[in-house]
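*Asks:* Just to be clear, the model below is a prediction. Sequence and coordinates:
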Amino acid sequence: MTAAPTHTATPAPVAEAARFADQLERFCGHLDTLVDLRGKATIKAWQATAREGRWAQVFSALMAVHYDPLYLKSIGRNYAGADASLEVHLRDGGAAALREAAEGLLAIDAAAPGGSL
């Protein structure tokens, strides 16, 4: 188990998710692989939402219902102290937002006694 300090980045809602629109059926096919984990009704609802072009809603649901719970479970198993990690909210997924977040974390670290990085 890793004991290093951890930081959690939370991206802004996915604005560029519509890039999957030209691969709609392929995307829906990938969702089909999650039926055993999330149930047929959930997957059909996500596919319908994608087919309506509501990509931000599809990705928000995927993150909240599928990805985040599995990720948090894994983090909890593998990183001591993860429950006390600093959460960083990103305004978007662009390079400037990532740079801003990194600079903020470095400033916090520099101010901490002994720094952790």
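*Replies:* Received it, and whenever you're ready, just let me know what you need. Everything quoted here is computed from the prediction, not taken from an experiment.
*Asks:* any idea how far V88 is from T33?
*Replies:* 31 Å (C-beta to C-beta, to the nearest Å). Bear in mind the C-beta positions are built from the backbone N, C-alpha and C, glycine included.
*Asks:* Those two: which has the busier surroundings?
*Replies:* Ranked by neighbour count (other C-beta atoms under 10 Å), V88 and T33 place V88 first, with 18 against 9.
*Asks:* chain center to the longest helix anywhere in the chain, what's the gap?
*Replies:* The residue-count maximum for a helix in the chain (DSSP state H) belongs to helix 95-111. Taking C-alpha atoms, centre = their mean, to the nearest Å, one finds helix 95-111 lying 19 Å from the centre of the chain it belongs to.
*Asks:* From the contact counts, what lies against it?
*Replies:* strand 86-89 (3 or more C-beta pairs under 8 Å, 6 or more residues apart in numbering; DSSP states H and E).
*Asks:* Direction included, what does the strand it packs on pair against?
*Replies:* strand 7-10 (parallel) (DSSP bridges).
*Asks:* How about residues contacting the helix or strand following the strand it pairs with?
*Replies:* The helix or strand immediately downstream of strand 7-10 is helix 24-32, counting by DSSP states H and E. For helix 24-32, contacts defined as C-beta atoms under 8 Å, 6 or more residues apart in numbering pick out 20, 43, 46-47, 50-51.
*Asks:* Break this structure down into its domains, please.
*Replies:* Here the domain parsing of the chain from automatic domain parsing is 8-85, 87-117.
*Asks:* Pick the most deeply packed of the ones you listed.
*Replies:* domain 8-85 (a mean of 14; mean count of other C-beta atoms under 10 Å).
*Asks:* Return the mean pLDDT over it, rounded to an integer.
*Replies:* When pLDDT is averaged along domain 8-85, the result is 82.
*Asks:* any idea how far the residue lying closest to R51 once chain neighbours are set aside lies from A96?
*Replies:* Computed as C-beta to C-beta, 6 or more residues apart in numbering, the closest residue to R51 that is not its neighbour in sequence is L24, at 6.6 Å. Distance, L24 to A96, by C-beta to C-beta: 30 Å.
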